[in-house]
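when you get a sec, could you give me coordinates for this:
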Amino acid sequence: MALWRAYQRALAAHPWKVQVLTAGSLMGVGDIISQQLVERRGLQEHQRSRTLTMVLLGCGFVGPVVGGWYKVLDRFIPGTTKVDALKKMLLDQGGFAPCFLGCFLPLVGALNGLPAQDNWAKLQRDYPDALITNYYLWPAVQLANFYLIPLHYRLAVVQCVAVIWNSYLSWKAHRP
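Take a look at the predicted model:
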């Protein structure tokens, strides 16, 4: 509980910084889980640069983009009724999620040095499956998130659930 209270104090004092650092940290955790539990690389074969790339993506892309999206969404659809939450979830999953994945996957490819043609081919191969998998997890999470969670905690809640999602995305994005 002391850790949670410290997090709340830091979030109140520096909301944007804390949200971005939380996203980066949890993206890194997702990559570690991907490499160690899914891919079973072991510590000797762990690609530290890959984990660092995912942390930087979390801090420089995921945190700012998703955090900013939640602010825009809350301005566009104010309120926390069930109908408001449903509208937000539909916009999030119908508009934002497809665009976000369409940016995230090639960004990882580019940061990993994939040539443009290979990156495009990888995006065409991986995007449909990633989007379908997204729809298995995120609509229910986002509906609860938009209905039950105050705006300043939404990114943290999503990033906690996203540890599992990030493990999947890291595996998907780094698969040859």
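
from now on I want contacts and neighbour counts done on CA atoms only, so please keep to that.
Fine.

name the nearest residue to residue 30, sequence neighbours excluded.
Nearest residue to residue 30 in three dimensions, chain neighbours excluded: residue 167, at 4.3 Å (CA to CA, 6 or more residues apart in numbering).

can you pull the contacts of that neighbour?
Residue 167 is in contact with 29-34, counting by CA atoms under 8 Å, 6 or more residues apart in numbering.

tell me the residue furthest from the middle of the chain?
The outermost residue of the chain relative to its centre, with distances by CA atoms, centre = their mean, is residue 44 at 26.9 Å.

how near is it to residue 170?
Residue 44 is 19 Å from residue 170, where distance means CA to CA, to the nearest Å.

reformat the contacts of residue 167 as a markdown table; add secondary structure.
Listed next are these as a markdown table, based on DSSP: H, G, I helix; E, B strand; the rest coil:
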| residue | secondary structure |
| --- | --- |
| 29 | helix |
| 30 | helix |
| 31 | helix |
| 32 | helix |
| 33 | helix |
| 34 | helix |
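
which of those residues ranks first by neighbour count?
The most neighbours of any of those, using other CA atoms under 10 Å, belong to residue 31, which has 31 neighbours.

ok, now how distant is it from residue 74?
To residue 74, residue 31 is 30 Å away according to CA to CA.

output the below-cut-off pLDDT ranges for the chain.
Within the chain, no range satisfies pLDDT under 70.

kindly list the longest helix within it.
The residue-count maximum for a helix in the chain (DSSP state H) belongs to helix 116-148.

residue 62 contacts residue 22, doesn't it?
No. The criterion here is CA atoms under 8 Å, and residue 62 misses it with residue 22 at 10.3 Å.

what number of residues lie near residue 71?
Neighbours around residue 71, by other CA under 10 Å: 14.

in stretch 45-58, what's buried?
By neighbour count on 16 or more other CA atoms under 10 Å, the buried set for stretch 45-58 is 46, 50-58.

run through who's touching it.
Applying CA under 8 Å, 6+ apart, the external contacts of stretch 45-58 come out as 20-21, 23-28, 31-32, 35-36, 111, 170.

out of these, who's nearest residue 154?
Nearest to residue 154 among the contacts of stretch 45-58 is residue 23, at 11.3 Å by CA to CA.

okay, that closest one and residue 62: tell me how far apart.
Residue 23 sits 7 Å away from residue 62, going by CA to CA.

pick out whichever of these two has more residues nearby.
Using other CA under 10 Å as the criterion, residue 23 and residue 62 rank with residue 23 on top: 32 against 22.
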